[in-house]
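In: missing the sequence, but the structure's below:
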């Protein structure tokens, strides 16, 4: 446990050290007092990663929810959420996308990030959620407890999916500390699972659907092991400095995001149709993937649940440089001042 904790804290402190010096440069990239209208549109740079969760905003942009509010949305992509932090901190991007655990970790290390809107939520449906734990069909593993001492893949060590696996193993009364986590990109993990090079895989759509077609089975629905209710699992964030400079702009951005999420949640086929526009996905897989729930609400219970789990499994709160994170610390009130 001590080695795992040290590794996590070291990685997070390094990330904080990289981004914090950039925060003071934000004024060089933004102009205070921006108030977009149809007559005076404002160009807004956003940073996304190509995952299913952002489909709602691609759809919202297509439906005119941003343009109608005077926002000319420019989407920039990165392979990982960590790469989006510096450009948001400097003001090069007005907002970015990340999972809740990454944002909690960054905030606990002193990064002045603030969630401005919900991204996506779990479905709260057993066996039909956006993240699963899968094993080969013929594996002797029958529950998450059996993963103790086994080799389990996650896309990124010491982040959301590893936390979810530890939650499931603990919920099944197994020894989470003894799990051998290995970092593998999702496509490589699907192959490794089929070859027997790993014992289990923590999935995320669309790769759960891909893995489902490769003679595998589900042994746990981690989000349900964390909460019986749907959880806000990702969000759109900006810096406190940008919020202070342009509260009206971000109130408008939030309104456009919220409308996009509400529309996407009731127009699933239109949302599904967006996937091929920003990610490489087999059409047959796109037709089957489990979409997340899209809701503008960010329940306090969701943040509290993740804070509790992140502390329990040592993602936050293990050294003197970290601070406790509350809902109000992380989530913007939405007020334009």
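Out: That came in fine, so what should we check first? Only a predicted model underlies this, so the values are computations on that prediction, with no experimental measurement involved. Numbering: from 1, shown residues only.

In: tell me the centre residue of this protein?
Out: Nearest residue to the geometric centre of the chain (Cα atoms, centre = their mean): residue 99, 2.0 Å.

In: doesn't residue 232 make contact with that one?
Out: No - Residue 99 is not in contact with residue 232 according to Cβ atoms under 8 Å; the separation is 10.0 Å. Quick note: C-beta positions are derived from backbone N, CA and C, even for glycine.

In: quick one on the thing from earlier: and the residue nearest to the centre of the chain, what's its pLDDT?
Out: Listed pLDDT for residue 99 reads 95.

In: ok, it - contacts?
Out: Contact analysis of residue 99 by Cβ atoms under 8 Å, 6 or more residues apart in numbering lists 81, 119, 159, 160, 233, 234, 235.

In: one step back: which residues do residue 99 and residue 232 both contact?
Out: residue 119.

In: for residue 203, phi and psi?
Out: Dihedral pair for residue 203: phi -100, psi 170, per degrees, to the nearest 10.

In: For it, which non-adjacent residue is spatially closest?
Out: residue 132 (5.0 Å; Cβ to Cβ, 6 or more residues apart in numbering).

In: where does this protein have low pLDDT?
Out: Along the chain, the parts satisfying pLDDT under 70 run over 1-30, 318-322, 335-337.

In: and the next element down the chain from the biggest helix by length in it?
Out: Counting by DSSP state H, the longest helix found in the chain is helix 247-266. As assigned by DSSP states H and E, the chain's next helix or strand after helix 247-266 is helix 268-273.

In: Identify the residues contacting the next helix or strand after that next one?
Out: Note on helix 268-273: by DSSP H and E, the next helix or strand toward the C-terminus is helix 275-278. Contact partners of helix 275-278, identified using Cβ under 8 Å, 6+ apart, comprise 48, 50, 52, 54-55, 58, 75, 77, 206, 281, 283, 286, 289.

In: The next helix-or-strand element following helix 275-278: which residues count as buried?
Out: As assigned by DSSP H and E, the chain's next helix or strand after helix 275-278 is helix 283-286. Across helix 283-286, burial judged by 16 or more other Cβ atoms under 10 Å covers 285, 286.

In: Also stretch 50-68?
Out: 50-61, 63, 65-67.

In: What is the nearest of these to residue 331?
Out: residue 53 (17.5 Å; Cβ to Cβ).

In: Quick check: nearest residue in space to the closest one, chain neighbours excluded?
Out: residue 120 (3.9 Å).

In: doesn't that neighbour fall inside a strand?
Out: Yes - residue state for residue 120 (DSSP: H, G, I helix; E, B strand; the rest coil) corresponds to a strand.

In: Start the count at 32 instead of 1 going forward.
Out: Right, with 32 as the first residue, what we last looked at is residue 151.

In: and the gap between residue 192 and residue 300?
Out: Note on residue 192: its distance to residue 300, by Cβ to Cβ, to the nearest Å, is 28 Å.

In: Which one of the two is surrounded by more residues?
Out: A count of neighbours by other Cβ atoms under 10 Å puts residue 192 above the other of residue 192 and residue 300, at 25 against 8.

In: which helices and strands sit right next to the strand or helix carrying the more buried one?
Out: Using DSSP H and E, residue 192 sits in helix 191-202. When contacts are defined as 3 or more Cβ pairs under 8 Å, 6 or more residues apart in numbering; DSSP states H and E, helix 191-202 packs onto helix 131-139, strand 182-185, strand 231-233, helix 253-257, helix 331-343.

In: about what we covered before: pull the distance from the longest helix of the chain to the chain's centre.
Out: Here the centre of helix 278-297 is set off from its chain's centre by 18 Å, with Cα atoms, centre = their mean, to the nearest Å.

In: got it, and stretch 184-193?
Out: Here stretch 184-193 is found 12 Å from its chain centre; the criterion is Cα atoms, centre = their mean.

In: Show residues contacting it.
Out: 35, 38-39, 42, 111, 130-133, 136, 162, 196, 212-217, 220, 223-224, 229, 231-233, 235, 264, 346.

In: and with 7 Å instead?
Out: Outside stretch 184-193, the residues that touch it by Cβ atoms under 7 Å, 6 or more residues apart in numbering are 38-39, 42, 130, 132-133, 162, 196, 212-217, 220, 223, 229, 232-233, 235, 346.
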